[in-house]
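Asker: coordinates only, sequence not included:
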């Protein structure tokens, strides 16, 4: 009987992979794991990641391998993939290498129905592949942004945001430059805000705020356009990356008014759904207009080619501190509003900064502990600013 190591992908059955003996020790070659679980990122035993084996000099042993963990089932963690809206989408179908060839072979049976039918199906396949390539590119860039970590001094305002038209409107390229936009920050909740017994969802969502009017839109979109396109695509199609979950818009309940915390996180207004599409159309049309040298009208339904999209998104790796500080110069804030969008700054147990809404802030920092801190600061005749996470007392200032 062949000795094996048991593996299991979340929600699926157990699969056994054969062991090999290396210098008297049972091992599993990583290549075998990758062959069975496409897109595997790592495996873990409970809460502990199983590391690749190293030699006495701490160098990785090649080919990659892991030690046998007897009598346990190792959990497989996959690299995240885009959560597509439709289960039977052609995007997923084209992931089958034989799909295109099978369909094209079957086209031979359509000859009696005319050449037009065959050309139509070929175009569907081409469009499906273009959509797939687009989503793969957006996904890889989005992952780079969401896994980017900032320290406290670099992170003075929220870093994730989108823009939506101020008024609900249908897309019309002839009036696009008369559109007024508002910037909306995104709550960065996730695994780091989940607390035992929490009853609210912990997926990324728009902050409960009216948004900030975008001034100098031409300059603004020139500077932040590629980043905005990624964020809008992320909100539209959904994703799951590094402890962050973004549900696809199509999976959320569309309502007229968000009347509760649960509704605000699990629902979305029709204005947001339409606004995301409008903003994406605006970005693509603006890019197309810049590329045109003859001043002719543009096609309002134009989409970037894969090459143009690669070029447009080439430099997007997230916003540095200086980009975030400059963001305020393009926005109009009302009165005492300090460009935080009703979000609160928190520090994760790993020392990284996240900006989350009040409900997720309180879920992460339990109310009882926060109240104790309020009481202590009050006794010291100080001021505790929960939104900024800072304490001022006796002339000193402390950032939590």
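Answerer: Everything's here; your move. These numbers come from a predicted model, not from an experiment.
Asker: List the contacts of stretch 59-71.
Answerer: 3, 5, 19, 22, 25-31, 33, 43, 45, 50-55 (C-beta atoms under 8 Å, 6 or more residues apart in numbering). Where you see a C-beta, it was placed from the backbone N, CA and C, and this is true even at glycine.
Asker: Quick one, which of the residues you listed are buried?
Answerer: 5, 19, 27-30, 33, 43, 50, 53 (16 or more other C-beta atoms under 10 Å).
Asker: and of these, the nearest to residue 215?
Answerer: residue 43 (49.8 Å; C-beta to C-beta).
Asker: before we move on, which element is that closest one in?
Answerer: strand 40-45 (DSSP states H and E).
Asker: partner strands of the helix or strand just after that strand, parallel or antiparallel?
Answerer: Next along the chain after strand 40-45, taking DSSP H and E as the criterion, comes strand 48-49. Using DSSP bridges, the strands paired with strand 48-49 are strand 40-45 (antiparallel).
Asker: can you give me the helices in the stretch 251-400 of the chain?
Answerer: For the stretch 251-400 of the chain, applying DSSP state H, counting those that start in this stretch gives helices covering 261-266, 270-291, 306-313, 321-327, 358-364, 367-379.
Asker: The fifth one - contacts with which helices or strands?
Answerer: The one in question is helix 358-364. strand 343-347 (3 or more C-beta pairs under 8 Å, 6 or more residues apart in numbering; DSSP states H and E).
Asker: Can you list the strands that the strand it packs on pairs with?
Answerer: Strand pairing (DSSP bridges) places strand 343-347 next to strand 353-357 (antiparallel).
Asker: Give me the subset of the buried ones among the contacts of stretch 59-71 that lies in strands.
Answerer: If you go by DSSP state E, the buried ones among the contacts of stretch 59-71 have 5, 27-29, 43 in strands.
Asker: From these, pick the one nearest residue 274.
Answerer: Distance to residue 274, by C-beta to C-beta, is smallest for residue 43 among these, at 42.6 Å.
Asker: Test of understanding: give the bridge partners of the closest one.
Answerer: residue 76.
Asker: got a list of what the nearest residue to residue 184 once chain neighbours are set aside touches?
Answerer: Once flanking residues are discounted, residue 184 sits nearest to residue 211: 4.5 Å by C-beta to C-beta, 6 or more residues apart in numbering. Contacts for residue 211 (C-beta under 8 Å, 6+ apart) come out as 164, 182-184, 341.
Asker: follow-up on the earlier one: contacts for the strand holding residue 43?
Answerer: 7, 33-34, 49-50, 66, 69, 72, 74-79.
Asker: again, but for stretch 26-36
Answerer: Residues contacting stretch 26-36 (C-beta under 8 Å, 6+ apart): 3, 5, 7, 15, 17-21, 40, 43, 52-53, 63-68, 76.
Asker: Sheet-wise, list the partners of the helix or strand containing residue 66 with their directions.
Answerer: Per DSSP H and E: residue 66 is located in strand 65-67. Paired neighbours of strand 65-67 in the sheet (DSSP bridges): strand 25-29 (antiparallel).
Asker: Lowest mean pLDDT across the helices of the stretch 251-400 of the chain, which one is that?
Answerer: The weakest mean pLDDT among the helices of the stretch 251-400 of the chain belongs to helix 261-266, with a mean of 54.
Asker: model confidence over stretch 231-251, on average?
Answerer: On average, stretch 231-251 scores 74.
Asker: same question, stretch 178-197
Answerer: If you average the pLDDT over stretch 178-197, you get 83.
Asker: in that stretch, what counts as buried?
Answerer: Residues 179, 181-190, 192-194 are the ones in stretch 178-197 that count as buried (16+ other C-beta under 10 Å).
Asker: Rebuild those residues as a markdown table, extending it with secondary structure.
Answerer: Listed next are the buried residues of stretch 178-197 as a markdown table, based on DSSP: H, G, I helix; E, B strand; the rest coil:
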| residue | secondary structure |
| --- | --- |
| 179 | coil |
| 181 | strand |
| 182 | strand |
| 183 | strand |
| 184 | strand |
| 185 | strand |
| 186 | strand |
| 187 | strand |
| 188 | coil |
| 189 | coil |
| 190 | coil |
| 192 | helix |
| 193 | helix |
| 194 | coil |
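Asker: which one of those is nearest residue 323?
Answerer: Using C-beta to C-beta, residue 183 comes nearest to residue 323 of the buried residues of stretch 178-197, at 13.5 Å.
Asker: Now do the contacts for the residue nearest to the closest one when sequence neighbours are not counted.
Answerer: Once flanking residues are discounted, residue 183 sits nearest to residue 212: 4.8 Å by C-beta to C-beta, 6+ apart. Applying C-beta under 8 Å, 6+ apart, we find residue 212 in contact with 182-183, 331-333, 337, 339, 341.
Asker: Buried ones among those residues?
Answerer: 182-183, 331, 339, 341.
Asker: So which bits of the strand holding residue 66 are buried?
Answerer: Buried-residue list, strand 65-67, by 16+ other C-beta under 10 Å: 65-66.
Asker: which pair in the contacts of strand 40-45 spans the largest distance?
Answerer: It's 72 and 79 that sit farthest apart of those, by C-beta to C-beta, at 22.8 Å.
Asker: Rebuild the buried ones among the contacts of stretch 59-71 as a markdown table, extending it with distance to residue 229.
Answerer: Formatted as a markdown table, those follow (distance: C-beta to C-beta, whole Å):
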| residue | distance to residue 229 |
| --- | --- |
| 5 | 43 |
| 19 | 47 |
| 27 | 45 |
| 28 | 41 |
| 29 | 40 |
| 30 | 35 |
| 33 | 35 |
| 43 | 34 |
| 50 | 37 |
| 53 | 42 |
